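Enquirer: Structure for this input, please:
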Amino acid sequence: MTIGIDTMVKIDGGEFAVGSNDFYQEEAPVRRVVVDGFWIDPFQVTNHQYAEFVESTGYVTGAEQVPDEALYPGASAEDLVPGSLVFQMTGGPVDLRDYHNWWEWTPGAQWRHPTGPDSSLNGLGDHPVLHIAHEDAMAYCAWAGGTLPSEAEWEYAARGGLDGKRFVWGNDDPQETEPVANTWQGRFPYENTEVDGFTRTSPVGSFPANGYGLYDMAGNVWEWTDDWYTDQPGKLVEAGCCAPADPRGGSLEASFDTRQPETPIPRKVLKGGSHLCTPQYCYRYRPAARQAQMLDTGTSHLGFRRISRPVEQ
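Expert: Down below sits the predicted model:
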């Protein structure tokens with residue numbers, strides 16, 4: 001099946017400044033690049049859309065399968081079952097240096113059961129699909145027509161024509177008082193004041209679009225790209241007189257997390273931040289922000305959207 005590009009937004013190519021020198025080291029340095037034109041979904045892929053794909057193909061996501069024991073040496077038998085990572089609000093302040101304090105491996109969590117086996121998608125059809133590994137996202141894209149964006153394509157689209165601005169809406173941050181995206185307000189991870197109206201995900205399109213007519217390019221859920229992660233992206237852009245065209249990420253071999261040598265799983269780049277982002281801990285609801293994610297791992301704050309390049313139309 002192909003979902004036509006009439007449901008997508010056309011993005012004309014151009015040159016822009018990718019990255020930031022003001023926040024996290026892995027975003028620097030700012031560098032000029034060029035991207036060709038492409039089409040992109042205006043919204044994150046929803047539960048309803050993903051259900052249509054599964055019904056049509058019988059596809060089974062990674063979170064619905066038993067993990068490969070060889071990739072998780074030392075894991076207990078009770079953890080080697082189908083499941084996924086779910087955010088759990090804590091009872092009070094915790095050490096923000098250890099994300100294990102609020103992430104819980106939850107047997108039975110998957111896209112149909114976003115917070116655990118007893119949860120459902122009732123009332124969540126127009127929310128972004130969750131617990132989707134990279135392969136699961138690519139499978140949907142192949143069925144619907146298209147692929148995942150490169151990091152540069154995603155960031156160019158997210159900026160909406162605001163080259164060099166801090167956020168997708170400009171340089172000011174109204175998130176604590178008059179939110180324009182679904183992020184965390186209050187004291188993370190134990191108090192969410194819901195100034196934006198949501199504790200977890202929100203229906204796609206609940207907040208204003210950016211300059212290109214794209215929704216939720218900041219917050220709600222992180223989004224997969226198809227670039228291998230490197231924590232030094234500036235080194236991929238060679239110095240010269242011209243901005244490089246359509247740059248891609250690092251290599252598979254270099255994407256492994258050297259801090260977790262016991263888990264040999266390559267990583268791709270995530271963009272956009274999520275409803276858990278906050279200046280207190282993860283100030284990443286900005287177009288330059290980026291994060292590494294193991295290929296096989298979905299979570300309760302991770303989704304995707306599709307692009308189509310001219311050669312694919």
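
Enquirer: use CA for all of it now, contacts and neighbours both
Expert: OK.

Enquirer: so what's the closest residue to Ser120 other than its chain neighbours bridging to?
Expert: Leaving aside its sequence neighbours, Ser120 sits nearest to His113 (CA to CA, 6 or more residues apart in numbering; 4.8 Å). On the basis of DSSP bridges, His113 is bridged to Gln110.

Enquirer: can you give me the strands in this structure?
Expert: Along the chain, counting by DSSP state E, strands occupy 9-11, 14-18, 31-35, 38-40, 83-87, 103-107, 222-228, 267-271, 290-294, 302-303, 307-308.

Enquirer: out of those strands, nearest to Asp196?
Expert: With CA to CA as the measure, strand 222-228 is the member of the strands of the chain nearest Asp196 (17.4 Å).

Enquirer: Enumerate the positions of that closest one that are buried.
Expert: Neighbour counts over strand 222-228 (16 or more other CA atoms under 10 Å) mark Trp222, Glu223, Trp224, Thr225, Asp226, Asp227, Trp228 as buried.

Enquirer: Distance check, Ala137 against Glu262.
Expert: Ala137 sits 26 Å away from Glu262, going by CA to CA, to the nearest Å.

Enquirer: Looking at these two, which is more packed in?
Expert: Set Ala137 next to Glu262 and count neighbours by other CA atoms under 10 Å: Ala137 wins out with 24 against 12.

Enquirer: How about the contacts made by Asp68?
Expert: Leu80 (CA atoms under 8 Å, 6 or more residues apart in numbering).

Enquirer: thinking again about what came up before, out of the buried residues of strand 222-228, which comes closest to Asp95?
Expert: Trp222 (22.8 Å).

Enquirer: Okay, and the beta partners of the closest one?
Expert: Applying DSSP bridges to Trp222 yields these beta-bridge partners: Leu302.

Enquirer: ok, it touching Ser274?
Expert: Yes - applying CA atoms under 8 Å, one finds Trp222 in contact with Ser274, separated by 5.2 Å.

Enquirer: Overlap in contacts, those two.
Expert: Here Trp222 and Ser274 have His301, Leu302 as joint contacts, going by CA under 8 Å, 6+ apart.

Enquirer: ok, back up a step: now render the strands of the chain as JSON lines, adding distance to Thr46.
Expert: JSON lines is the format used below for the strands of the chain (distance: least, CA to CA, whole Å):
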{"stretch": "strand 9-11", "distance to Thr46": "17"}
{"stretch": "strand 14-18", "distance to Thr46": "28"}
{"stretch": "strand 31-35", "distance to Thr46": "27"}
{"stretch": "strand 38-40", "distance to Thr46": "15"}
{"stretch": "strand 83-87", "distance to Thr46": "18"}
{"stretch": "strand 103-107", "distance to Thr46": "22"}
{"stretch": "strand 222-228", "distance to Thr46": "12"}
{"stretch": "strand 267-271", "distance to Thr46": "17"}
{"stretch": "strand 290-294", "distance to Thr46": "20"}
{"stretch": "strand 302-303", "distance to Thr46": "9"}
{"stretch": "strand 307-308", "distance to Thr46": "15"}
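
Enquirer: Show me the one of those that comes nearest Tyr72.
Expert: Going by CA to CA, the one of the strands of the chain nearest Tyr72 is strand 290-294, 12.4 Å.

Enquirer: Need the residues that contact that closest one.
Expert: Looking at what lies outside strand 290-294 - CA under 8 Å, 6+ apart - the contacts are 26-27, 229, 265-273, 284.

Enquirer: That one to strand 267-271, inter-axis angle?
Expert: Inter-element angle recorded for strand 290-294 and strand 267-271: 140 degrees (by axes from the mean of the first three to the mean of the last three CA atoms, to 10 degrees).

Enquirer: Pairing partners for strand 290-294, with directions?
Expert: strand 267-271 (antiparallel).
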